[in-house]
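Asker: no sequence for this one, just the structure:
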């Protein structure tokens with residue numbers, strides 16, 4: 001990297017785990033923005049061997065935009081855990097759902113429960129996902145202003161064209177962080193499939209999948225958490241805005257690859273074209289409301305995107321709402337890529353609505369939209 005790395009200390013390089021016999025469980029949850037995460041540590045005196053060993057816990061929801069101060073406690077329900085790549089064994093990262101004090105009512109921006117309900121109803125179709133998570137790396141240039149890593153302060157680099165899958169100091173900014181993220185995710189047991197530098201300078205992508213059902217949302221959120229933690233050590237902010245830099249620069253998406261037993265079976269390509277594409281077309285305007293905030297700034301029909309207002313698809317097309325890979329057409333079966341989701345999606349919502357439209361006759365679309373609208377309302 002061409003700029004000084006600002007991390008003060010990398011705790012991974014210090015032998016702080018010596019003589020620690022307890023288990024440190026890092027409880028992680030989605031906060032009241034719907035896009036960011038919070039976490040805190042719980043010390044266990046005995047080994048954790050199964051999910052039921054992890055207790056429900058509470059936190060101050062009035063400090064995370066999920067409750068008011070008069071009724072502020074929010075419960076954390078552990079739903080999945082992985083190895084902690086920062087602390088090492090036997091320590092854990094614990095992803096949690098959030099609930100109001102009755103332990104039944106989902107807290108603001110908890111959509112995992114409804115996504116899991118949808119996935120359970122469609123489990124016989126074995127829905128598989130892969131999500132291509134794009135993001136920008138931003139660097140502080142003062143106390144508050146941030147600008148993409150490697151860009152001239154307040155200015156612009158050479159035009160796009162030289163940065164995608166690039167190598168070399170003049171083209172590639174942030175490889176050390178992206179590489180550390182890949183290794184940390186693999187260490188944790190996250191289903192990460194790869195990384196690459198993206199079209200805009202200091203823009204990167206990692207891919208999660210193949211993951212079945214609810215697992216795609218779990219693993220993407222955990223991978224985001226690990227990336228944010230690494231950003232702390234590198235002094236780099238992770239940005240998921242759909243269009244963080246206006247002008248002739250690519251925005252950031254979360255292209256979502258989907259398949260099920262019907263698309264992967266004999267005649268799958270014909271099924272995609274004749275049955276699935278029309279379903280996706282008919283629900284285009286409705287599902288876009290679940291595909292990330294400010295996504296209309298990205299879906300302009302330029303910079304490898306489709307139009308926000310008009311559905312389109314094509315074999316191998318990166319300018320359509322849906323791309324059917326050439327290999328799917330050649331084999332007559334396989335998967336499709338939904339290119340509409342923005343980088344700041346909640347993967348639970350996107351994976352759930354795709355399954356609902358494809359397999360459940362759009363039974364849950366309105367409920368998913370209502371839950372999102374309800375979460376976005378100001379707290380009473």
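Answerer: Good, I have the coordinates. Since the model is a prediction, treat every value here as computed from it, not as a measurement.
Asker: from here on, contacts and neighbour counts on C-alpha atoms
Answerer: Will do.
Asker: mind listing the strands for this protein?
Answerer: With DSSP state E applied, the chain shows strands at 23-30, 37-44, 57-60, 73-83, 92-99, 128-140, 146-148, 192-197, 203-212, 236-239, 254-259, 313-315, 322-324, 336-338, listed in chain order.
Asker: how about those strands in JSON lines, adding mean pLDDT?
Answerer: Formatted as JSON lines, the entries for those read as follows, by pLDDT from 0 to 100:
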{"stretch": "strand 23-30", "mean pLDDT": "98"}
{"stretch": "strand 37-44", "mean pLDDT": "98"}
{"stretch": "strand 57-60", "mean pLDDT": "98"}
{"stretch": "strand 73-83", "mean pLDDT": "98"}
{"stretch": "strand 92-99", "mean pLDDT": "98"}
{"stretch": "strand 128-140", "mean pLDDT": "96"}
{"stretch": "strand 146-148", "mean pLDDT": "92"}
{"stretch": "strand 192-197", "mean pLDDT": "98"}
{"stretch": "strand 203-212", "mean pLDDT": "98"}
{"stretch": "strand 236-239", "mean pLDDT": "96"}
{"stretch": "strand 254-259", "mean pLDDT": "98"}
{"stretch": "strand 313-315", "mean pLDDT": "96"}
{"stretch": "strand 322-324", "mean pLDDT": "98"}
{"stretch": "strand 336-338", "mean pLDDT": "98"}
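Asker: please name whichever of these is nearest to residue 361.
Answerer: strand 254-259 (16.3 Å; C-alpha to C-alpha).
Asker: mind listing what residue 196 touches?
Answerer: 164, 165, 204, 205, 206 (C-alpha atoms under 8 Å, 6 or more residues apart in numbering).
Asker: now with 7 Å, please.
Answerer: For residue 196, the residues meeting the contact criterion (C-alpha atoms under 7 Å, 6 or more residues apart in numbering) are 165, 204, 205, 206.
Asker: residue 163 versus the spatially closest residue to residue 154 that is not a sequence neighbour, what's the distance?
Answerer: For residue 154, the nearest residue in space outside its immediate sequence neighbours is residue 147; the separation is 7.0 Å by C-alpha to C-alpha, 6 or more residues apart in numbering. Taking C-alpha to C-alpha, to the nearest Å as the measure, residue 147 and residue 163 are separated by 17 Å.
Asker: closest to the centroid, which residue in this protein?
Answerer: Computing the C-alpha centroid of the chain and ranking residues by C-alpha atoms, centre = their mean puts residue 220 first, at 4.5 Å.
Asker: what's across from residue 80 in the sheet?
Answerer: Beta-bridge pairing of residue 80, defined through DSSP bridges, involves residue 95.
Asker: for it, give its distance to residue 222.
Answerer: Between residue 80 and residue 222 the distance, using C-alpha to C-alpha, works out to 10 Å.
Asker: the residue nearest to residue 154: how many residues sit nearby?
Answerer: Neighbours of residue 147 under the rule other C-alpha atoms under 10 Å: 22.
Asker: my understanding was that residue 257 contacts residue 132; is that so?
Answerer: No. Residue 257 sits out of contact with residue 132 when judged by C-alpha atoms under 7 Å, with a separation of 8.2 Å.
Asker: could you list the domains of the protein?
Answerer: 11-110, 120-376 (automatic domain parsing).
Asker: now the longest one: how far from the chain's centre is it?
Answerer: From the chain centre to the centre of domain 120-376 is a distance of 8 Å (C-alpha atoms, centre = their mean, to the nearest Å).
Asker: point out the other helices and strands that the lowest-mean-pLDDT helix or strand in the chain packs with.
Answerer: The element with the least model confidence among the helices and strands of the chain, by mean pLDDT, DSSP states H and E, is strand 146-148, at a mean of 92. Based on contacts counted as 3 or more C-alpha pairs under 7 Å, 6 or more residues apart in numbering; DSSP states H and E, the elements that strand 146-148 packs against are strand 128-140.
Asker: now the angle between strand 254-259 and the strand it packs on, please.
Answerer: Interaxial angle of strand 128-140 relative to strand 254-259 (axes from the mean of the first three to the mean of the last three C-alpha atoms, to 10 degrees): 170 degrees.
Asker: what residues does strand 128-140 touch?
Answerer: Taking C-alpha under 7 Å, 6+ apart as the criterion, the residues outside strand 128-140 that touch it are 146-149, 202-213, 216, 236-240, 252-260, 343.
Asker: could you spell out the sheet neighbours of that strand, each with its direction?
Answerer: Paired strands of strand 128-140, with direction, are strand 146-148 (antiparallel), strand 203-212 (antiparallel), strand 236-239 (antiparallel), strand 254-259 (antiparallel) (DSSP bridges).
Asker: need those in TSV (columns: distance to residue 137).
Answerer: As requested, the strands paired with strand 128-140 are arranged in TSV below (distance: least, C-alpha to C-alpha, whole Å):
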stretch	distance to residue 137
strand 146-148	6
strand 203-212	6
strand 236-239	5
strand 254-259	16
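Asker: who wins for proximity to residue 106 among those?
Answerer: Minimum separation from residue 106 across these (C-alpha to C-alpha) falls at strand 203-212, 23.3 Å.
Asker: now the angle from the closest one to strand 192-197?
Answerer: The directions of strand 203-212 and strand 192-197 differ by 160 degrees, with the same axes, to 10 degrees as the criterion.
Asker: what sits up against strand 203-212?
Answerer: 126-137, 191-198, 216, 220.
Asker: apply 6 Å and report the result again.
Answerer: With C-alpha atoms under 6 Å, 6 or more residues apart in numbering as the test, strand 203-212 has contacts from 127-136, 191-198.
Asker: what subset of those is buried?
Answerer: Taking 16 or more other C-alpha atoms under 10 Å as the criterion, what is buried in those is 127-136, 191-193, 195-198.
Asker: thinking again about what came up before, how close does the residue nearest to residue 154 sit to residue 156?
Answerer: 10 Å.
Asker: before we move on, what about residue 377?
Answerer: 37 Å.
Asker: and residue 342, by the same measure?
Answerer: Residue 342 sits 24 Å away from residue 156, going by C-alpha to C-alpha.
Asker: those two - which one has more neighbours?
Answerer: residue 342 (30 against 12).
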